[in-house]
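Engineer: kindly generate the corresponding structure for this input.
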Amino acid sequence: MSLLCDLQMRRFYHIPNDTADVLIFLQQHSISECMTHYGEDNRKTIKGYIDFILNKELGFTDNQLLPELTPLDLSWDRYSDITNVIIEYNEEINYTGSFFRELFDLHVQGLEIRCYRKTTLDKIRELLEVFNGTTLKFIKLVLAYDDTLELQILDKLVKQYPRVKALLIHSSPADNPEKIFEGSVPVIFVSSNINSCLACGEIRSSYFISNMELFTESQHYNTCLNRKLSIDLNGYIRNCPSLPDNFGHVMDTSVQEVLDNKAFHKYAKIRKDEIAGCKDCEFRHVCTDCRAYLENPQDIYSKPLKCGYDPYNGTWEDWTKNPLKHAAIAGYGLGEIIN
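Structural biologist: Presented below is the predicted three-dimensional model:
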């Protein structure tokens, strides 16, 4: 299968490879030339492909090739050395220290705050206050369920701190998606217990994103770890909380020391086009990656362990049930969270 991405409208369409071949041919040939090339027997099918493109407003017909229609610029760059951060929240850590001031002076754009245990909203507000005046555009809160986390309360929180654009409430009585702040901020209640970073790295179709940012970054860099910095539950600095290597502690390490460490950039340029399985997957440029949990832990180019999609037959399966993954599951200590 192939994927047709509408990066402007943030949609994608799952299409057969035969359809993709015809659309690529039509980029440089007329419709009549296409009919001749593929044969009169395929005229109705090709017309259906063209009607699909026109109906979805993905293209138009003309009587000539327009020179103005140049290929999309797929370059990617950002002015910040760190664009996104994960913090595993620990009440014992001082998040106003010099490391955090230096970090958020780098014009970080996105932040995920993970709370594995119940935390009062006063503590969350205290933490969110730290990021007032920064360049952050997006904050995602991962919170443990509490009876006090009613939608009206969360709505007030988001209005007070408009950088909060998404909430995930784990250990909830039931799975339930909601929206607050006039329907613009998703609040996802999940029954699963997210009590450590072992829950990270799962690949799901519901996580796929079609936009210019991810699509262009994916052409050149790793879609999870490029320009990412994480602070784990104990204050150690990592690429991701789930990865074993750390690059110092927030109490005695500067951000510049981390950036100057070549090992910190180990995963940044591992693209989906280089990863086993992923390089043949039609979803690779709308999907984020995971280098922390791999099917073959000895190979940094191995397919993500927590992916159940087979691009060779176009089917999804429960990755936890695949016997070929059981050794890696045991090696990572994931048995407890999947049982």
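Engineer: how close does Ile237 sit to Ile93?
Structural biologist: Distance, Ile237 to Ile93, using C-beta to C-beta, to the nearest Å: 12 Å. Where C-beta positions appear, they are placed from N, C-alpha and C, glycine not excepted.
Engineer: shared neighbours of the two, anything?
Structural biologist: 231, 250 (C-beta atoms under 8 Å, 6 or more residues apart in numbering).
Engineer: of these two, who's got more company?
Structural biologist: Ile237 (22 against 19; other C-beta atoms under 10 Å).
Engineer: tell me the SS of the residue nearest to the more buried one when sequence neighbours are not counted?
Structural biologist: Distances taken as C-beta to C-beta, 6 or more residues apart in numbering place Phe247 nearest to Ile237, at 4.8 Å, with adjacent residues excluded. State at Phe247, reduced to three classes by DSSP: H, G, I helix; E, B strand; the rest coil: coil.
Engineer: hey, where'd the strands end up in the stretch 201-339 of the chain?
Structural biologist: 228-231, 237-238, 309-310, 315-316 (DSSP state E, counting those that start in this stretch).
Engineer: run through who's touching stretch 320-330.
Structural biologist: By C-beta under 8 Å, 6+ apart, stretch 320-330 touches 293-297, 305, 308, 319, 335, 338.
Engineer: and which of the residues you listed is nearest Ile194?
Structural biologist: Minimum distance to Ile194 across the contacts of stretch 320-330 is 13.1 Å, recorded for Ile338 (C-beta to C-beta).
Engineer: pLDDT wise, what is that closest one at?
Structural biologist: Ile338 carries a pLDDT value of 67.
Engineer: residue contacts, the spatially most central residue of the chain?
Structural biologist: For the chain, the residue nearest the mean C-alpha position is Thr288 (4.0 Å; C-alpha atoms, centre = their mean). Going by C-beta under 8 Å, 6+ apart, Thr288 touches 203, 207, 209, 214, 223-224.
Engineer: measure it to Cys5 for me?
Structural biologist: Taken as C-beta to C-beta, the span from Thr288 to Cys5 is 15 Å.
Engineer: which members of the contacts of stretch 320-330 are classed as buried?
Structural biologist: For the contacts of stretch 320-330, a burial check counting by 16 or more other C-beta atoms under 10 Å picks out 293-295, 305, 308, 319.
Engineer: can you redo those as TSV with distance to Ile46?
Structural biologist: As requested, the buried ones among the contacts of stretch 320-330 are exported to TSV (distance: C-beta to C-beta, whole Å):
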residue	distance to Ile46
Tyr293	43
Leu294	42
Glu295	39
Leu305	41
Gly308	34
Trp319	38
